[in-house]
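S.K.: Curious how this folds, go ahead:
(one chain, ligands or ions: 1)
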Amino acid sequence: MAEDRIPGFATLAIHAGAQPDPTTKARITPIYQTASYVFDDVDHAAALFGLQAFGNIYTRIMNPTNAVLEERVATLEGGTAALAVASGHAAQLLVFHALMQPGDRFVASKRLYGGSINQFGNAFKSFGWEVDWADPDEIGSFERAIGPKTKAIFIESIANPGGIVTDIAAISAIAKRAGVPLIVDNTLASPYLCKPFQHGADVVVHSLTKFLGGHGNSIGGIIVDGGTFDWSREGRYPMLAEPRPEYGGIKLHETFGNFAFAIACRVLGLRDLGPALAPMNAFLILTGIETLPLRMQRHSDNARAVAEFLADHPAVSWVSYAGLPGDRYHGLMQRYAPKGAGAVLTFGLKGGYDAGVKLVSSVRLFSHLANLGDTRSLVIHPASTTHRQLTEAQRAAAGAGGDTVRLSVGIEDKEDIIADLQQALEGL
Ligand SMILES: *Cc1c(COP(=O)(O)O)cnc(C)c1O
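M.R.: Reported below is the predicted structural model:
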């Protein structure tokens, strides 16, 4: 590539972070299937352990295959650095581990992936971290939820399963006034459709399991550091701003500047909590990312065709998809995800809960399962599966009432996808 050209997204999706292997000349990034790495000598080992030199020590903390994945996603998002981990949930855990002390709080959208609602509302409680829920349809609720102990705001760019688009810039303004970072889960949009850092996010997280990997074959997560936040202000983030005894008293923010957050997640969170990504999974996800722009455009175009078909069907009471011109989130979509609204949409069945159960039993091309972002078309009835553990009120707030069906529209021929839904709806 010519040095003076900034490559486009499709080029970066294939090349960013990767070079032919210097030792073997292998063109594709190899799977570095090793647990540890040999030190040059005792001084080299000491420098690595003291964070005075960058280099590989042990695959729980870093791995060359994972490093290519990290650089690629950081580049696609426009961040300064990234950390790949074992799952999307592990990414969220490590983000909050770097920010929170027992007794601290954070504000989160109540329209999140069901697993995140469980993680924040239940699992995090045992660390002494409390969540205050806010409503992305009422931006002021974020401001009102902020208190003296608030350490972060967490939202999704496009939220699952409601298909809503969040006003990232408006919530970023609230985060900036409060002096806390805005963390955006960009899983449903992917950096092809939406770039949260351009709208004021400070940290981006992904479930790599979904569109970035894209083929439903591996679990992974990633944290991307935007390099924008001042972690040293007012002593609010001691993990980043205060001397670390385990690293000879260095201060991570002072030492690592605009990629200190990614470093903190790696050398404190990943090292000590341990959810490392297997290099085999990093390899599969890297291969998936090469076709991300092609897949995301096709997912979005197919989903829009499916949404139009459903909106006209007599058994369907409503369709929620920001890609439809009449949708309440269409204006926000044009601002934040103008190339398309992604693969995921929800719709309501006039026959309610029972019709939802019947529909997921009658589809043939669609797979009935709890995942999204696969090349295959997927369907789920959240009330009887993913959102079963939530209360009725939480389900309604998350856009997953009894009549609601969620689709992750695949990249098959759209005529086949629509024909399958047609036959399943006729059977109701
Ligand atoms: C799946 C998902 C997660 C959790 O990711 P895992 O890889 O399953 O741990 C988080 N956020 C969103 C939006 C998701 O779809």
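S.K.: model confidence over stretch 300-312, on average?
M.R.: In this model, stretch 300-312 carries a mean pLDDT of 98.
S.K.: how about that stretch: buried residues?
M.R.: Using 16 or more other CB atoms under 10 Å as the test for burial, stretch 300-312 gives 300, 301, 302, 303, 304, 305, 306, 307, 309, 310. Backbone N, C-alpha and C define where each C-beta goes, glycine included.
S.K.: who's in contact with the third one?
M.R.: With contact set as CB atoms under 8 Å, 6 or more residues apart in numbering, residue 302 has these partners: 343, 409, 410, 411, 412, 414, 417.
S.K.: repeat for the first one
M.R.: Contacts were defined as CB under 8 Å, 6+ apart; by that measure residue 300 touches 193, 323, 339, 340, 341, 342, 343.
S.K.: Just give the nearest non-adjacent residue to the residue in the stretch 51-200 of the chain that the ligand sits nearest to, would you?
M.R.: Residue nearest to the ligand within the stretch 51-200 of the chain: residue 88 (2.2 Å; CB to the nearest ligand atom). Excluding the flanking residues, the one nearest residue 88 by CB to CB, 6 or more residues apart in numbering is residue 207, at 2.7 Å.
S.K.: I'd guessed that neighbour sits against residue 90; true?
M.R.: No - with contact defined as CB atoms under 8 Å, residue 207 does not reach residue 90; the gap is 9.8 Å.
S.K.: Neighbour count: those two, which is higher?
M.R.: Higher neighbour count among residue 207 and residue 90: residue 207, with 28 against 25, using other CB atoms under 10 Å.
S.K.: any idea of the pLDDT on the more buried one?
M.R.: 98.
S.K.: same check, this time on residue 2
M.R.: Here the pLDDT value assigned to residue 2 is 58.
S.K.: Repeat that for residue 369.
M.R.: At residue 369, the pLDDT value in this model is 95.
S.K.: Where in this structure is the helix or strand with the lowest mean pLDDT?
M.R.: When each helix and strand of the chain is scored by mean pLDDT, DSSP states H and E, helix 392-397 comes last, with a mean of 79.
S.K.: following that helix, which helix or strand shows up next?
M.R.: Downstream of helix 392-397, the next assigned helix or strand under DSSP states H and E is strand 404-408.
S.K.: Alpha carbons only: can I get the helix or strand just after that following strand in PDB?
M.R.: Under the assignment DSSP H and E, the closest C-terminal helix or strand after strand 404-408 is helix 414-426. C-alpha atoms of helix 414-426 as PDB (Å, rounded to 0.1, in the frame of the first residue of the first chain):
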ATOM      1  CA  LYS A 414     -33.700 -13.200   0.400                       C
ATOM      2  CA  GLU A 415     -36.400 -15.000  -1.600                       C
ATOM      3  CA  ASP A 416     -35.700 -18.200   0.300                       C
ATOM      4  CA  ILE A 417     -35.600 -16.400   3.700                       C
ATOM      5  CA  ILE A 418     -39.000 -14.800   3.000                       C
ATOM      6  CA  ALA A 419     -40.500 -18.000   1.600                       C
ATOM      7  CA  ASP A 420     -39.600 -19.800   4.900                       C
ATOM      8  CA  LEU A 421     -41.300 -17.100   7.000                       C
ATOM      9  CA  GLN A 422     -44.300 -17.200   4.700                       C
ATOM     10  CA  GLN A 423     -44.900 -20.900   5.100                       C
ATOM     11  CA  ALA A 424     -44.400 -20.700   8.900                       C
ATOM     12  CA  LEU A 425     -46.800 -17.700   9.300                       C
ATOM     13  CA  GLU A 426     -49.400 -19.500   7.200                       C
END
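S.K.: Which residue is it, in the stretch 201-350 of the chain, that comes closest to the ligand?
M.R.: Using CB to the nearest ligand atom, residue 207 is the residue of the stretch 201-350 of the chain that sits closest to the ligand, at 3.0 Å.
S.K.: So what pairs up with that residue in the strands?
M.R.: Beta bridges link residue 207 to residue 221, judged by DSSP bridges.
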